[in-house]
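J.: Any chance you can model this:
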Amino acid sequence: MSKSILALAALVWAAAAEGAVFTVGPHGAYLRLQDGLDAAAPLAGSHEVRIEAGVHTDPVELYDCCAGRVVVSGGWDDTFTSPSGGTTVLDGLGTHRVLDLFVRRGELSLRSFTVRGGYVETIPHATASTFGAGLDGRVRGSGVLELSFVTFVSNRIHAAILEPSSAIGAGAALDVFESGQLRMLNTTFRANLITEGPGADLVAGFGAGAWVSLRGKGQADVRRSTFRENRLEGDGYVGGAGLHVASRTVESVAQVRENVFTKNLVVVAPEGTPAASGLSVEARGATSRVVVEARRNRFATNRGGAQVNLFAYGGAGIVAGDSLVAAGTHDGMTAQALAGSAVRLVNLTSVGNAGAGVRATGVGSVFNSIAFGNTPETVLGASVTRGFNLEGVDPLFAPGSGYLLSAASPARDAGTNAPPGDLGSLDLDLGPRVVGPRVDVGADEFKP
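T.: Numbers count the residues shown, from 1 in each chain. As a prediction, the model looks like this:
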């Protein structure tokens with residue numbers, strides 16, 4: 001880690017430490033994280049829990065957080081004065097859930113540590129779903145949960161029973177309701193698993209990496225995070241080997257922005273059952289209001305199902321745009337909107353997928369998008385409007401650029417500045433969305 005990043009981290013942590021500092025580890029005031037959190041959570045004001053670098057194996061359960069603001073951070077040296085002591089790992093040892101957190105009020109911020117080796121087994125579906133081997137997190141009331149620079153790796157939910165069961169969010173299951181807020185920033189989900197044993201009946205599985213559910217007026221911001229090599233198995237309704245987002249009321253809103261999804265895998269029996277290998281979104285509403293917006297995301301080499309699946313019903317709106325969908329083993333992006341709902345796709349680049357670049361049914365639109373090198377390029381239902389797209393036309397990407405437009409590209413200035421779903425504020429690379437008289441077609445804007 002560079003000195004500049006360490007200095008910035010030290011300033012952030014120093015700003016957070018307005019109140020008491022609780023130290024956890026062999027050289028701290030508390031040996032267990034549980035004890036440090038129990039001491040900090042009931043206190044008004046802003047406080048810190050600093051975790052010493054190293055491996056910590058005790059499970060943590062916190063059901064009434066927090067009276068004020070609590071920042072929990074890892075990587076501290078044995079004097080707890082420098083966040084450069086190494087990596088802090090909270091390890092479930094393959095035997096237990098790592099974190100079980102309920103934020104009812106106040107704010108809980110988790111920063112700069114790894115959650116590894118969490119393990120839970122499913123229970124009968126008729127009893128309840130099974131949530132979160134790494135983190136089972138619930139946010140309600142006015143509570144706020146923030147994840148920043150946290151890594152979830154090799155956490156697993158396993159279906160071993162013969163009765164029907166369901167598994168939700170192996171890395172992290174995050175249920176946000178009432179007026180709760182979730183911020184997931186610069187977080188990594190890698191090699192988390194939802195698995196099915198011989199003879200088991202996993203009828204539903206969502207989000208091997210992470211699952212985010214919004215109800216009431218719940219809000220979520222998933223940004224600059226990475227979902228990589230997560231694996232989801234099942235023989236029923238499954239989706240989102242990387243991430244599954246469910247927004248279930250008209251007043252809830254999810255933003256999914258600037259994330260990377262790569263090499264996630266969904267394994268479904270029987271083969272051909274609809275599933276999403278990278279991101280799946282389920283949105284329900286009542287007024288055609290946009291309740292999920294996914295922009296400036298990158299999807300590449302996700303396997304076993306469509307890289308992205310978007311499903312809107314009950315009046316909900318979904319917008320996906322300014323994103324790259326490349327080199328998947330099935331469809332690139334699929335979208336379905338039932339009566340009264342709509343899915344708007346704008347400024348996509350979907351290339352080199354073994355299935356359709358874009359497959360959409362129901363009420364929706366596809367505008368300002370590139371579909372090239374897919375089989376076929378697009379499959380659009382009768383109620384899906386389209387315009388200003390390049391379908392089956394070589395967009396002339398700059399050689400070796402990773403799908404950036406060349407100066408000779410026919411996509412330059414070929415879009416509409418007023419597409420259904422509207423233009424994003426930035427392009428895929430966080431540059432201006434419009435350079436010149438008209439927006440370029442595709443996820444990236446050509447920069448002279």
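
J.: wait, what's in contact with the nearest residue to Phe397 once chain neighbours are set aside?
T.: Nearest residue to Phe397 in three dimensions, chain neighbours excluded: Tyr403, at 5.3 Å (CB to CB, 6 or more residues apart in numbering). Any C-beta I mention is one placed from the backbone N, CA and C, and that applies to glycine too. Applying CB atoms under 8 Å, 6 or more residues apart in numbering, we find Tyr403 in contact with 324, 326, 349, 351, 397, 442-444.

J.: Show the pLDDT at the residue nearest the centre of the chain.
T.: The chain has Leu243 as the residue nearest its centroid, 4.5 Å off, counting by CA atoms, centre = their mean. Looking at Leu243, its pLDDT is 98.

J.: circling back: looking at the contacts of Tyr403, which are in strands?
T.: 324, 326, 349, 351 (DSSP state E).

J.: Among those, which one has the most neighbours?
T.: Of all those, Thr349 has the most neighbours under the rule other CB atoms under 10 Å, reaching 28 neighbours.

J.: so where do the helices sit in the stretch 201-350 of the chain?
T.: Secondary structure of the stretch 201-350 of the chain (DSSP state H, counting those that start in this stretch): no helices located.

J.: that's a strand at Ala39, yeah?
T.: No: under DSSP: H, G, I helix; E, B strand; the rest coil, Ala39 sits outside any strand and is assigned helix.

J.: right, and it touches Phe22 too?
T.: Yes: using CB atoms under 8 Å, Ala39 is in contact with Phe22, at 5.5 Å.

J.: Those two: which is more packed in?
T.: For Ala39 versus Phe22, neighbours defined as other CB under 10 Å are more numerous around Phe22 (24 against 17).

J.: Test my guess that that one contacts Glu52.
T.: No: Phe22 lies out of contact with Glu52 (CB under 8 Å); the separation is 11.8 Å.

J.: hang on, the earlier thing: could you list every residue that touches the residue nearest to the centre of the chain?
T.: By CB under 8 Å, 6+ apart, the contact set of Leu243 is 189, 207, 209-212, 222, 227, 256, 259, 261, 278-280.

J.: Which ones among the residues you listed lie within strands?
T.: Going by DSSP E, the strands hold 189, 210-212, 222, 227, 256, 261, 278-280 from the contacts of Leu243.

J.: tell me which of those residues is nearest to Thr151?
T.: The closest of these to Thr151 turns out to be Phe189 (CB to CB; 8.0 Å).

J.: and the closest one, how many neighbours does it have?
T.: Count around Phe189 with other CB under 10 Å applied: 31.

J.: Can you tell me the closest non-neighbouring residue to it?
T.: Closest residue in space to Phe189, ignoring its immediate chain neighbours: Gly209 at 3.5 Å, by CB to CB, 6+ apart.

J.: what about the one you found, distance to Val103?
T.: Distance of Gly209 to Val103, given as CB to CB, to the nearest Å: 21 Å.

J.: Settle it for me: which of those two has more neighbours?
T.: When Gly209 and Val103 are compared on other CB under 10 Å, the one with more neighbours turns out to be Gly209, at 36 against 28.

J.: Verify the contact between that one and Ala191 for me.
T.: No: counting by CB under 8 Å, Gly209 does not reach Ala191; the two are 9.2 Å apart.

J.: returning to what we had before: between Ala39 and Phe22, what contacts are shared?
T.: Tyr30.

J.: After the lowest-mean-pLDDT helix or strand in the chain, which helix or strand is next?
T.: Ranked by mean pLDDT, DSSP states H and E, the helix or strand of the chain with the weakest confidence is helix 3-16, at a mean of 44. Where DSSP states H and E defines the elements, the next helix or strand beyond helix 3-16 is strand 21-24.

J.: who touches that following strand?
T.: Counting by CB under 8 Å, 6+ apart, 28-33, 35-36, 39-40, 47-52, 56, 76, 80 sit against strand 21-24.

J.: In strands only, show me those residues.
T.: Among the contacts of strand 21-24, DSSP E puts 47-52, 56, 76 in strands.

J.: Looking at those residues, point me to the pair that's furthest apart.
T.: Checking these with CB to CB, the most distant pair is His47 and His56, at 19.2 Å.

J.: so Ser112 sits right up against Glu146, yeah?
T.: No: under the criterion of CB under 8 Å, Ser112 is not in contact with Glu146, lying 11.9 Å apart.

J.: still on that earlier bit, turn the ones in strands among the contacts of strand 21-24 into JSON lines, columns for distance to Gly234, pLDDT and neighbour count.
T.: Shown next, in JSON lines, are these (distance: CB to CB, whole Å; pLDDT from 0 to 100; neighbours: other CB atoms under 10 Å):
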{"residue": "His47", "distance to Gly234": "41", "pLDDT": "98", "neighbour count": "24"}
{"residue": "Glu48", "distance to Gly234": "40", "pLDDT": "98", "neighbour count": "24"}
{"residue": "Val49", "distance to Gly234": "37", "pLDDT": "98", "neighbour count": "26"}
{"residue": "Arg50", "distance to Gly234": "40", "pLDDT": "98", "neighbour count": "26"}
{"residue": "Ile51", "distance to Gly234": "35", "pLDDT": "98", "neighbour count": "27"}
{"residue": "Glu52", "distance to Gly234": "39", "pLDDT": "98", "neighbour count": "22"}
{"residue": "His56", "distance to Gly234": "32", "pLDDT": "98", "neighbour count": "22"}
{"residue": "Trp76", "distance to Gly234": "40", "pLDDT": "98", "neighbour count": "27"}
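
J.: which regions of this structure sit below the pLDDT cut-off?
T.: By pLDDT under 70, the low-scoring segments of the chain are 1-18, 126, 269-274, 286-288.

J.: Kindly recompute the last result at 50.
T.: Confidence mapping of the chain against pLDDT under 50 gives the ranges 1-17.
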